[in-house]
Every structure is written in C-alpha cells, then in structure tokens.
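1. My questions are about this predicted structure, shown below with the sequence.
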Amino acid sequence: MNPFEAPRTASRLTLAETTRKHLQAKGYTAWVAPGHDEARRVVLDLIPPGSTVGIPGTVTIRELDLPRLLEERGCKVTHHWTPNLSPEERRARLQEELSAEVFLTGTNALTRDGMLVNIDGTGNRVAGISFSPGKLVVVASVDKICPNLESALRRARDAASPPNAARLGIDVPCIATGHCVDCNSPHRICRVVSILERAPLGREAHVVLVDSPLGY
C-alpha cells in the first residue's frame, strides 16, 4: 500500500466533511460517501422503489450505474440520451424528466462553502436543479469542490465543458485547446449558468459527496 495515500485520503475526506456541514447549513441534507458502493446505497435509500426519476445528461449518475439499478427496483427512469430520438421525442423526454418525482443529477462544481455551479447548453439540467416539483438529489465527487465561486465557475468551463463537448461529438474550440476560450461557435454548449447559493425553497434537496472521481 502506498504510504503517501492515507494523508491524501484523510485530507479529501476532511474537505468533504467541511463542505457537507456548509451544505447542511444552507438547507440541503448532505452525506459523504467514501466510494461508489456507499454512494449508490445512499442514493437508492433516498429514492423509494416505484418512483418516477428524471435523469438529465449527467455522466456521474451513469458512471454509478444508477439508471439500471433504479429500473431494477421498479422505478420509471426517464432520460433523453436514447439514440435516434426525433426532436419531438427528445423534447417530450426533457419535459418528463422535469416533472418526475425525483430529479437525479450531478453538478459541474461546488464551493466548499456550499454553492452549486452548473453550465448548460439547453438549460434543461439547470432548470431541474433550480425548480422542478420533485425531490432533488445531486451527486458530486469530492474533486469538484472548489475554494470559491470564481474557481467553481472556472472549473465548470475548463474541466467540465471540454470533455463533455468531446463526449457529445460537438465541434467547438475547447476540444482542440483543452480549456474554455469563451468561443462564439454556433455549437457552443456553455450558454446557461446556474448558481445555487442555497437549497431552493419548497423542495427536498440532497447532496451526496463521493470520495472518488466521477463525471466531468
């Protein structure tokens, strides 16, 4: 075992616990999960079997294999990444995601004092995070915790957007540079910015912090 890993792990978990306390103070119910298995357990405990669950274009949730696990528990899972959807079918899926009993998503970044930061192209994900009738469940890896709002916004643009554009096969300059250049491309995916300073009023909101890399 690498003798230098234990201090790194302890430091990450300390930061996660600090952030968890700030999230709690800002109206969320928050957890720290040491790995994927514990993160899955927490999320599945939050979502009753048979619930309707809307999942936007989040890599984090797919890396945890939660869509399949939820379907096995009898949940109706709605997402819009099925190949060859018509524009009308895709729009219907987006609307169904927003109206589900649970909106399950990742986040591009969060600050250590408990703000969530996201950047979207279409705006469906930030819409569901900000307002939808159901329970909000956000899963975030500890490496997305940033010192402040400025660094969180920078992380969303520089660390999250280029690989996401590459995943989607979109021709934008950040794929070539590896970082945001604030492009004016017609295909630009950084169009809608959301900052949650506190948990939205009137809904149950949860954040699960995971000490393992997930998403972008």
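-> Structure received. Bear in mind that the values here come from a model prediction, so they are computed numbers and not experimental data. Numbering: from 1, shown residues only.
2. from here on, contacts and neighbour counts on C-alpha atoms
-> Noted.
3. Rounded mean pLDDT for the lengthiest helix in the chain, please.
-> As assigned by DSSP state H, the longest helix anywhere in the chain is helix 5-25. Averaging pLDDT along helix 5-25 gives 97.
4. Following element in sequence after that helix, please.
-> Per DSSP states H and E, the first helix or strand lying C-terminal to helix 5-25 is strand 29-33.
5. Next, the angle from that following strand to helix 5-25.
-> Angle between the axes of strand 29-33 and helix 5-25 is 170 degrees (criterion: axes from the mean of the first three to the mean of the last three C-alpha atoms, to 10 degrees).
6. Please put the alpha-carbon coordinates of strand 29-33 into CSV.
-> These are the backbone C-alpha positions of strand 29-33, laid out as CSV (Å, rounded to 0.1, in the frame of the first residue of the first chain):
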residue,chain,number,x,y,z
THR,A,29,-29.4,17.2,3.5
ALA,A,30,-25.8,16.1,2.8
TRP,A,31,-23.7,12.9,3.0
VAL,A,32,-20.1,12.0,2.5
ALA,A,33,-19.6,8.6,0.8
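7. Strand 29-33 and the helix or strand following that strand, what's the angle between them?
-> As assigned by DSSP H and E, the chain's next helix or strand after strand 29-33 is helix 36-46. For helix 36-46 against strand 29-33, the angle by the same axes, to 10 degrees is 150 degrees.
8. The helix or strand following helix 36-46 packs against which elements?
-> In the C-terminal direction, the helix or strand that comes right after helix 36-46 (DSSP H and E) is strand 52-54. Secondary-structure packing of strand 52-54 (3 or more C-alpha pairs under 8 Å, 6 or more residues apart in numbering; DSSP states H and E): strand 76-78, helix 87-98, strand 102-105.
9. Of the ones you listed, which stretch is the most buried?
-> Of all these, strand 102-105 carries the top mean neighbour count, a mean of 26, counting by mean count of other C-alpha atoms under 10 Å.
10. for the record, mean pLDDT for the very next helix or strand once past that strand?
-> Per DSSP H and E, the first helix or strand lying C-terminal to strand 102-105 is strand 109-111. For strand 109-111, mean pLDDT is 99.
11. now stretch 44-55
-> 98.
12. now do stretch 29-36
-> Stretch 29-36 comes out at a mean pLDDT of 98.
13. show me what contacts the spatially most central residue of the chain?
-> Closest residue to the average C-alpha location of the chain: residue 106 at 1.1 Å, with C-alpha atoms, centre = their mean. The contact partners of residue 106, by C-alpha atoms under 8 Å, 6 or more residues apart in numbering, come to 58-61, 138-140, 215.
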